[in-house]
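In: just coords:
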């Protein structure tokens, strides 16, 4: 095992260096795309943590939206430093995950999936119905992050780059921690885990809370970066869907899988959108179906098989 | 109170209904420290249900379960595990995404309220447990590569990793051949010598009659006999309901 882990280090360093110097080579549009990629790296990585405990969320847009709205509203009210504001976005998302978790975590996985989907939609409706607090369907404008303009975009890129690294580092650390044993035991057999001294409800709530935290942070980041947030963008079901397709495509349960999936699917989606004028989503859908059907272990699984063969 | 006299595990009027169906009716059972109790009875007589209520997987309908003079009925399974009761499952429940060693590490990490030292200590302890159940050489195997006997050994290893004082074993010998059964019987004797009290559900009659100090017989959720193996195997109700005439003839 250790040898295999060390073998990955040169590639990892090369990737980090490449990403760090990317702004020198890219124009504004490409920079914007990379920022979106990194946002999805965080969302997919966080969603994947939940899968370790055999919980499926169809509502991670809820945590993104809660992060975005707490970020925007608190900033407009108090003008806290944006970093602190993003942290608060993460904390609020986590708090909502605890509440949701305590209510829902005894449910079967499929029931939980539907409950999370409903939660995200309910949050959207709630935000629309409370215009006094949230400015309703019109959305909330906030001053752009770092004053706006191209220099600000580069700064935003480095910020989200740092956040993405932290979220992947969290997943990596978790996977090597004692917690991962509890998560996996619950995933594989909840009764057996319970008989070995693990309180399933507690560790499921822990996974839910950790999973929501960074998604809330990037929600707040997104609101600052775009300088505007509305209910349909914040609680967009598209986010919830991508959150699960990306790990599935890259490789469920792995740390690298969601990262790979986020890169490929974000860029592929954009490429298809530009090159195929009508019906690009059909092609996107077909590619997804083919990958999921023929590569149940995802692209990481394919790569591992390929390395073993050589 | 002397240690021998202590009520280690004491079940009183333990009753479990599933809707209108009485799975356990007023079952009384006393287990002393260091004993091996054989729990036998026909399929559907309530043996596994009894384990499930003792370990908290099913809530009790009525009655009391005391472990080391403390009421444990109503506690969740993980709390009961922390109190010192371990169990195996009839249909083995391995954690398939983990290796053999990692499976046992789960119990080492979480089986006691105060877990075993740091990660290295936990690993060493888990390796010792695997040696004890005879899986030391297969610690890095994937669970899916194990034979049925090894899966049963892993169930024992997982249960032992929580350092239980009382172990409930649900048909660990089912499906094994005579040599394997002999090995498991030896293993259980060693576990008892190591200070673990055992309640063993088993259909392999000659093994359980040899192993157990006392045999309890369940029939339709009621206890119909409780005593030394020689006595129970001659009990008329037990023969009628479970053992059959052949057993009596074979036992001579």
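Out: Done, it's in. These numbers were taken from a predicted model, which means no experiment stands behind them.

In: State the distance from residue A:240 to residue A:64.
Out: From residue A:240 across to residue A:64, the span is 8 Å (C-beta to C-beta, to the nearest Å). Heads up, the C-betas are built off the backbone N, CA and C, glycines and all.

In: Would you tell me which residues of the stretch 1-150 of chain B are close to chain A?
Out: By the rule C-beta under 8 Å from any C-beta of the partner chain, the part of the stretch 1-150 of chain B lying against chain A is B:55, B:57, B:76-78, B:81-82, B:86-87, B:89, B:93-98, B:102, B:105-107, B:109-112, B:119.

In: Pull out the buried members of those residues.
Out: B:55, B:57, B:77-78, B:81-82, B:86-87, B:89, B:93-95, B:97-98, B:102, B:105-107, B:109-112 (16 or more other C-beta atoms under 10 Å in any protein chain shown).

In: low-scoring pLDDT stretches of the chain, where are they?
Out: Looking at chain A here, since you left the chain open. In the predicted model, chain A carries pLDDT under 70 at residues A:1-5.

In: Sorry, I should have been clearer: chain B.
Out: Regions of chain B meeting the criterion pLDDT under 70 cover residues B:1-6, B:245-252.

In: Show me the helices in it, by range?
Out: Here chain B has its helices, by DSSP state H, at B:47-54, B:77-83, B:100-110, B:119-132, B:148-161, B:178-193, B:205-211, B:229-232, B:236-238, B:244-251.

In: Over to the stretch 201-310 of chain A?
Out: Assigned helices in the stretch 201-310 of chain A, in chain order: A:231-234, A:237-250, A:256-275, A:280-294, A:298-309 (criterion: DSSP state H, counting those that start in this stretch).

In: most packed of the ones you listed?
Out: Among these, the stretch with the highest mean neighbour count (mean count of other C-beta atoms under 10 Å in any protein chain shown) is helix A:237-250, at a mean of 23.

In: Residue numbers of chain A in contact with chain B?
Out: Residues of chain A found near chain B (C-beta under 8 Å from any C-beta) are A:178, A:181-182, A:184-185, A:187-189, A:191-200, A:253.

In: Now a ChimeraX select for only the buried ones of those.
Out: For the buried members of those, the matching ChimeraX selection, counting by 16+ other C-beta under 10 Å, is:
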select /A:178,181,182,184,185,187,188,189,192,193,194,195,196,197,198,199,200,253
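
In: Of the residues of chain A next to chain B, which belong to helices?
Out: A:178, A:181-182, A:184-185, A:187-188, A:191-195, A:200.

In: Any idea how many residues pack against residue A:147?
Out: By other C-beta atoms under 10 Å in any protein chain shown, the residues close to residue A:147 number 9.

In: before we move on, what about the one 3 residues further on?
Out: Burial of residue A:150, expressed as a neighbour count using other C-beta under 10 Å, amounts to 11.

In: Return the backbone torsion pair for it.
Out: Dihedral pair for residue A:150: phi -70, psi -40, per degrees, to the nearest 10.

In: Name all residues that make contact with residue 181.
Out: If you meant another chain, say so; for now it's chain A. When contacts are counted by C-beta atoms under 8 Å, 6 or more residues apart in numbering or on different chains, residue A:181 touches B:98, B:102, B:105-106, B:109-110.

In: Chain B was what I was after
Out: B:173, B:204, B:207.

In: And residue B:29, by the same measure?
Out: Contacts of residue B:29 by C-beta under 8 Å, 6+ apart are B:9-11, B:14, B:37, B:216, B:223, B:226.

In: Looking at those residues, which are in strands?
Out: B:9-11, B:14, B:37, B:216, B:223, B:226 (DSSP state E).

In: Could you give me the ChimeraX syntax to select whichever of the residues you listed are buried?
Out: Selecting only the buried entries of those in ChimeraX, with 16+ other C-beta under 10 Å as the criterion:
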select /B:9,10,11,14,37,216,223,226
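
In: Just the closest of the ones in strands among the contacts of residue B:29 to residue A:103, please.
Out: Nearest to residue A:103 among the ones in strands among the contacts of residue B:29: residue B:14, at 32.7 Å, using C-beta to C-beta.

In: I'd like the distance between the closest one and residue B:50.
Out: Between residue B:14 and residue B:50 the computed distance is 7 Å (C-beta to C-beta).

In: I'd guessed residue B:97 sits against residue A:185; true?
Out: No: with contact defined as C-beta atoms under 8 Å, residue B:97 does not count as touching residue A:185 (9.1 Å).
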